[in-house]
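Pasted the sequence and its predicted model underneath.
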Amino acid sequence: GCSEEASGGGGGGGAEAGACAPEDVTLVGQVRNESNPYEAAWLDGGDAFAEQVGLTQDRLTYDGDSTRQQEQISQLLAGDTECLVMNILPNGDSDTPPIVEGAEEAGAYLVTQWNKPADLNVADYDQWLSHITYNGVESGKQIGDALAEAIGGSGGIVALQGILDTGAAKDRFAGLEESLAANPDVELLDDQTANFSRAEALEVTKTLLTKHGDDLKGIWAANDDMALGALEALEQAGRTDVAVVGIDAVPDALTAIEDGTMTATVSSDGPWQGGIGLAIGFCVATGELAAEDITDEDRAWFAEQFLITSDNVADFSSPQTDEADFECDNVFSRSQGAIS
Amino acid sequence: MTAQTQVNALEVNALEVRGLVKHYPGVKALDGVDLVVRQHEVLGLAGENGAGKSTLLKALVGLVRPDAGEIWVRGEKVRLRSVVEAADHGIGMVFQEQSLVPNLTAAENIVLGSEGPGVRRGIYRWDTMRKLAQAQLDKIGSHIDPLARTDTLTFAERQMVEIAKVLRIEERTSHPPVIILDEPTSVLESKEIETLFTQVRRLREFASVVFVSHRLDEVLDVCDRVSVLRGGQSVGEVPTAGAAPAELHRMMIGSTGSDDHYHGNLAERSDEPARPRLVVRGLSGATFRDVDLDVHAGEIVGIVGVHGSGREDVCRALFGAEPTLAGEVTLDGDKLDLSGTRAACAAGIGYVPAERKIEGMVGPMSVADNMTLTKQKSRCSGPLVVPQKQATLVDKWIERLSIRTPHRGTAIQRLSGGNQQKVVLARWLVAGDIRLLLLDHPTRGLDIGARSEVYSLMRELANSGVAAVLLADSLEEAIGMSDRIIVMSDGRATREVACPAGGKPTPLDLVKEMV
Amino acid sequence: MSLGDAGPPIALVVIFAVFSLLSDDFRTLGNVQNIMDAAAVLAVVTCGISFVLMMGSIDLSAPGVMGASAIAVSLLVANNRNDNAYGLLGVLVALLLGSALGCLSGLALVSLKVPSFMTTLGVSAVGLGLATLMFAGVQPNIRDDMLDSWAVQRFLGLAYLTWIAVACVLVGWLIQRYSRLGRYAFAIGGAEEVLALSGVKVAPYKVAVFTLAGTFYGLAGVMVTSQLSAGLVQAGKGYDFAAITAAVVGGTLLTGGRGGILHSAVGVLLVTVLTNGLVQVGVSPYWQGGVQGLIVVAAVAAAVLPQRRRNQVTK
Amino acid sequence: MTTPVLATPAADQAPVSGGPTVGQRLTSFMPVIALVALLAALTFADPDFLTQRSLTAAVRTSAPLAVLAAGATLVVLCGGIDLSIAALCSLSTVLFAMWLPDLGGLTTLVVIGAAGLIGMVQGIGHVVLRIPSFIMTLGGMSIFAAVALVISDAGPIRIVDRDATKWLTLYVGGIVPMSFVVAVIVVAAISLVLKLTPLESFVRATGYSESAARLAGTPVDLVKVAAFTISGACAGLAAVMLVSRNFSGSPTMADNLLLPAVAAIVVGGTAITGGHGSLWRSLAGALVVTLLRVGLPIVGVSSAWEQILYGAIIVAAVALTLDRSKVLIIK
Ligand SMILES: Nc1ncnc2c1ncn2[C@@H]1O[C@H](COP(=O)(O)OP(=O)(O)OP(=O)(O)O)[C@@H](O)[C@H]1O
Ligand SMILES: Nc1ncnc2c1ncn2[C@@H]1O[C@H](COP(=O)(O)OP(=O)(O)OP(=O)(O)O)[C@@H](O)[C@H]1O
Ligand SMILES: [Mg+2]
Ligand SMILES: [Mg+2]
């Protein structure tokens, strides 16, 4: 056959950085679905930023389906990509490289969050402006320590893992293992996956409660949804002596911490994440920020996160986006340093 | 009903059909049919396969929407759009294909669609329902348990359930009903047929009956009058008193046919082969035990027996379609592999199953594809199908067996039952390499013409050296066609009766052996 | 009940016995209660789907219907999103929403003549869409004491929800055995064309069966909401295939006309015992799904083998 | 009065055409008509959608789905169903990624072969143990998922050497994606083999009436096993396509393609009960489903409405494409 190099994919080369008028910029935010509060809040944050600059955000969701995400991206990149800014939540680590390559080829501005293969270097690409994530090992360890403290430094706990093949689930569990090493009297009785799902966590926890009975003093969950499912299981079993920790700081978890039924969670600021990715892209697209000026530390970085316990929960109860966070000279202000 | 019609009630025809027309793609199934059913008579309906009998009758119960023509019920012109409407007018039918729900009880089937007091506000009252059904079964003297699941009943028992079911129309309408029986006897045995006829005669007291059968002697026996259809047209009617089957037959096909459709046996075979082609020794299966059977090349061996004698299963076992427990079978001296139908086909065995609709044919596929399904090599060159080769071959057989089909590409389910059967038979003949043919009721539902054609075909095959095992439709057929008859009862081959051209046994001789 | 029907109950007993031998924790009374509680939602979904399978149709709409009813009920009873507090009435409305969606599957099947595989897949998507619309980005949490108590309060050691499931199985069995709807559903699976020949209009019964199934799914959505104290769009995730598996493992044929509610109930217990047992004996979470699949296949094979005939049709 | 066509012997029958009538021809084009209608609707909603680049992307996107659906169509034609295709495809992406360093250019063939073999095992299980295909492949689905999870250590495996899959990312004539060309070739090749050999009769007879087919001596079991084998092999090929697109293998990569693939088959108008249908129909169905998956969000339909529309449109599409004269009872 008379095959030749790719052409259908995109305009090639990409727009000259900074050439776009602000009103020509297309803002796209893509998350898994709008049916969970965290991601819905993310998209709302994107909307808030878009409004701030007089634009609207195209909201895309792919229902946690990797193939569908790729399909949407490649369709998106087959359209007009000259001033396209994408703030993407890749479904898993392995979904990031094709998105990055697609954007690079089509010349769209890309910011990714959460998932990225460790050996994929953002600085190797021109259009992939930044990758933002939270330090999963750190958060796993923080709540692990909080849990250890809540059960008085010794006793049995169980872990509810997230979707097993995601980096977030692995990092967070690695953090738990670090915490366990530091708290030798805490014993991990069991680890099961509940796939980040509240309903699955409920079932698994019920089973674990009957299996371990009174030996069980604490439940470490890799996200708040599972923690909330575990709380329901405890309520149904009539157990009030089990401490529960999670990650994400979804509103229900904060309420539970206020009520004292849950011990701790770690913040991840959805609305800010939804806005910041678009902001970085927008700033570069309009020339207010030159891509070359972004330091290597700011190409892939950990965002600031906080351990939330009953002591400080009041400060986090209603997350709002702050316009100042999205100013072009402020976009990297929450960095806790480069991803090592 | 007004007083006026009351007076005329007796003179008015129970049912009258005028100029009924029904087209199907490529076929004019009904072409201006007229039919009169009087009150309190049993009207026979005769005609070749595909003459339009079933279509006409289905139009009478609202299942076929005619293109033109009128239907009058008791002097009133009606339009029948559904079975329910027909039933409201007092018309009910026993269908040619069995139409019971297999996983329901007999009782439910009997009252299905007109449960009456058996269901109140959507709730079943099992006891009432059982009584209702029992009442119907009592009418025909059947001893079936009304609460037995239908699929646990035998074929004949199911037929009785169907008749019990249609008799419910008596309870449903205040008018004298018209009850249509489309080939009710083709799967019944003589005793059951007698019961049925007693019922039909009883029905005549208060109802009209339309009766279809390809067994003309039956028709003449039970009917008062016979109406004959040919090619979708009415060709006349005859009172049965004094009529002979031959006369009817002539009307059906438009020329005089031979009454002797069994063609007699082959005259003395000169060189009887030393060894039988098929040798079965001690064959046992779930429903039969220790069956021995020899069939020579060129011989037709009939197996007779009542339901449950296991003869069908023996046939299926020989074809590898039923597991065996013990026994040895050789074909032309080679041990036969009974593990599956593929092996049987490869060894040159053919099988024509009784349940044509389910097991014999692939309904939506064309006549041509059905005919060449087994002997693919007859239409192939190497691994490739050669459409021209197939067309020529299939057209040859369509003509040879006078299969009535608009085209070789027509779906076989659009053909009449008899023609379907011919296609199924032809399937084994197209390659010309068959050694043993197992025929399970090969003429079930066929008209006389088609029967004779099938008979002569069987004969021709035998003469060319094919061995055949025949499970006949009737004892007469078994006797007429077979060279030898094996009697089976309770899963064992109990007796062998010679059946040479000159010295045929009588049916009575065989019946004695069967029970 | 014929001998062929004995397979699944025997498999249930055998699997239960094996897990009891392997794990001390498994054979405790608490765990048996736990298994019963865990089976509740699946049992209700399977009740619904059994009627559809009996007809020889299939139903993939459970995720959508459950999601819609879960969100609907959580917005209708006392909750954190609005001032509604309709209590039982709210539950009823959620059930009706389930019925309506089920009815939609049935109507599309009989009027557009589209196979149920597709209509129910479509309705599932529609249900999820409706649920997402109602969800509107903020998690609805219920504050209704009655609904909350269903998951927590116990009677004779079992949660109220479990008793609701038991009641559903009973009602389902009565419908199947004593109502025209149930018997006709069974008959449609046996020989649909014959019903038409007998003058029965099957279309309304088909619609009614899908409506009934939708109602069961609606109830299941409410039950999940009660368990989680929150309305989740994903409340029914995975229940479609889980319920079909349970029904089939229990001896219901996908071709219709065989099986029923009691079969399905056994199937549900079998599947739940398996899920629970694999956790209890400590099978790695990576392997659990695979081992479960293997055992389901083996169980069906064991149940099918004794009945196998030559020339039997297996689809 | 006219002579009734069938009353006379076959010899002097009026010639009746056995070929398809206009109506029948139209129904066989329905999947394409549905496709065009959908494209028109999307273009109406967003005129920018109808560009060559956009269509190229959609066609490229559809390739793995089309291949998956084409393979499973064979199983559906035989009257069964294969629910394991997506999980097997995921497993195959993992196998591909794991074997690539050792096998290099051969990996593609080896993976397709292995997937075919796995499909064959399922087929054998189905015919020998008489387990309904629904259950057999549902079990297969969870087993493959577990194996994929375990051998990949529950994570994606990146592909460093992209040369082995580069050919799939090329464009024929600069426009037509190679992966789609491959999909078309697969569909054409299988269809041709079916059409030119007795296999088509075998497959249809098996699907329409398994018992009649068996009693006619048709190799029902072999045909079924072959269908499962090809279905598996197609899952392997789809996996290679996904890997070429994603530069990695992952144990859950294709899991969500199961229902879209079955939807593609049904939307194409193939009867889920078996016998009637074709691979070409599934190809058109895959394009329809792909357009729905990517088109609706791209033209700006919100997430909730997208699902509602998706549900409504696939039902409508099947209402359009299914040839009801071939499928008497709709279950
Ligand atoms: N639904 C249909 N579609 C097409 N052709 C049909 C259909 N029903 C009947 N026919 C054709 O109409 C003709 C009359 O068929 P019909 O069933 O009425 O014959 P019949 O007299 O009952 O024959 P038999 O004695 O074989 O039962 C046949 O040629 C048949 O092929
Ligand atoms: N609604 C229908 N759709 C398609 N085909 C039909 C329909 N009704 C009847 N037929 C076909 O028309 C043909 C004629 O019907 P039928 O079986 O009654 O034939 P018959 O002539 O009575 O049979 P026999 O040869 O047994 O006497 C049959 O092959 C049947 O399958
Ligand atoms: Mg007839
Ligand atoms: Mg609660």
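Yes, it's here. Ligands and ions are numbered 1, 2, ... in the order given.

can you pull the contacts of residue 216?
This is for chain A. Contacts were defined as C-beta atoms under 8 Å, 6 or more residues apart in numbering or on different chains; by that measure A:Leu216 touches A:156-158, A:189, A:208-209, A:242. For the C-beta atoms, the positions are set from N, CA and C on the backbone; glycine is no exception.

Actually, chain D is the one I wanted.
Contacts of D:Ala216 by C-beta under 8 Å, 6+ apart are B:341, B:362, B:373-374, B:427, D:205.

what's the spacing between stretch D:164-175 and its chain's center?
22 Å (C-alpha atoms, centre = their mean, to the nearest Å).

in the stretch 301-450 of chain B, which spans are helices?
Secondary structure of the stretch 301-450 of chain B (DSSP state H, counting those that start in this stretch): helices located at B:311-318, B:341-346, B:367-371, B:387-400, B:417-429, B:448-463.

give me every residue that touches D:Leu215.
D:Leu215 makes contacts with B:319, B:321, B:341, B:351, B:353, B:359-360, C:311, as judged by C-beta under 8 Å, 6+ apart.

scratch that, C:Thr215 is what I was asking about
Residues in contact with C:Thr215, defined by C-beta under 8 Å, 6+ apart, are C:48, C:95-96, C:98-99, C:102.

do B:Glu16 as well
Residues touching B:Glu16, when contacts are defined by C-beta under 8 Å, 6+ apart, comprise B:35-37, B:71-73.

Look at the residue in the stretch 251-400 of chain B positioned nearest to ligand 1 and report its pLDDT.
Closest contact between the stretch 251-400 of chain B and ligand 1, by C-beta to the nearest ligand atom, is at B:Met252 (10.0 Å). Predicted confidence (pLDDT) for B:Met252: 80.

Just confirm it is within a helix.
Yes: applying DSSP: H, G, I helix; E, B strand; the rest coil, one finds B:Met252 inside a helix.

Am I right that it is in contact with B:Pro245?
No: judged on C-beta atoms under 8 Å, B:Met252 makes no contact with B:Pro245 at a distance of 10.1 Å.

neighbour-wise, which of these two wins?
When B:Met252 and B:Pro245 are compared for neighbours, B:Met252 comes out ahead with 23 against 17, by other C-beta atoms under 10 Å in any protein chain shown.

which residues does that one contact?
B:Met252 makes contacts with B:46-48, B:51, B:228, B:230, B:235, B:447-449, as judged by C-beta under 8 Å, 6+ apart.

Tabulate these (TSV), appending distance to B:Ile140 and pLDDT.
Putting those into TSV (distance: C-beta to C-beta, whole Å; pLDDT from 0 to 100) gives the following:
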residue	distance to B:Ile140	pLDDT
B:Ala46	24	88
B:Gly47	27	86
B:Glu48	30	82
B:Ala51	29	85
B:Val228	28	90
B:Arg230	33	87
B:Val235	33	88
B:Asp447	27	78
B:Ile448	28	76
B:Gly449	32	75
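
Next step: those residues restricted to helices.
Secondary structure assignment (DSSP state H) places B:448-449 from these within helices.

Just the buried ones from the contacts of B:Met252?
Neighbour-count burial (16 or more other C-beta atoms under 10 Å in any protein chain shown) is assigned, among the contacts of B:Met252, to B:46-48, B:51, B:228, B:230, B:447-449.

which among those gets closest to ligand 4?
B:Ala51 (73.9 Å; C-beta to the ion).

Give me the phi and psi angles of that closest one.
Dihedral angles phi and psi of B:Ala51 (degrees, to the nearest 10) take the values phi -70, psi -20.

can you pull the contacts of it?
For B:Ala51, the set of contacting residues under the criterion of C-beta under 8 Å, 6+ apart consists of B:229-232, B:252, B:447, D:7.

Which positions in the stretch 1-150 of chain B make contact with chain C?
Where the stretch 1-150 of chain B comes near chain C, counting by C-beta under 8 Å from any C-beta of the partner chain, the residues are B:63, B:82-84, B:87, B:95, B:99-104, B:108, B:112-115, B:119, B:122-124, B:126.

Just those: which are in helices?
Secondary structure from DSSP H places B:83-84, B:87, B:108, B:126 of the residues of the stretch 1-150 of chain B next to chain C in helices.

Looking at the residues you listed, state which has the most neighbours.
Neighbour max across those (other C-beta under 10 Å) = B:Glu108, 27 neighbours.

tell me the pLDDT at that residue?
pLDDT recorded at B:Glu108 is 93.

Distance of it relative to chain A?
B:Glu108 sits 41 Å away from chain A, going by C-beta to the nearest C-beta, to the nearest Å.

just D:Gly139 next, same as before
Look at D:Gly139 and chain A: by C-beta to the nearest C-beta, they are 20 Å apart.

Point me to the helix or strand that includes that residue.
Secondary structure from DSSP states H and E places D:Gly139 in helix D:133-151.

is any part of the next helix or strand after that helix close to chain C?
For helix D:133-151, the succeeding helix or strand toward the C-terminus, using DSSP H and E, is strand D:157-158. No: judged by C-beta under 8 Å from any C-beta, strand D:157-158 and chain C are separated, with a smallest distance of 15.6 Å.

list the helices and strands strand D:157-158 packs on?
When contacts are defined as 3 or more C-beta pairs under 8 Å, 6 or more residues apart in numbering or on different chains; DSSP states H and E, strand D:157-158 sits against helix D:85-103, strand D:248-249.
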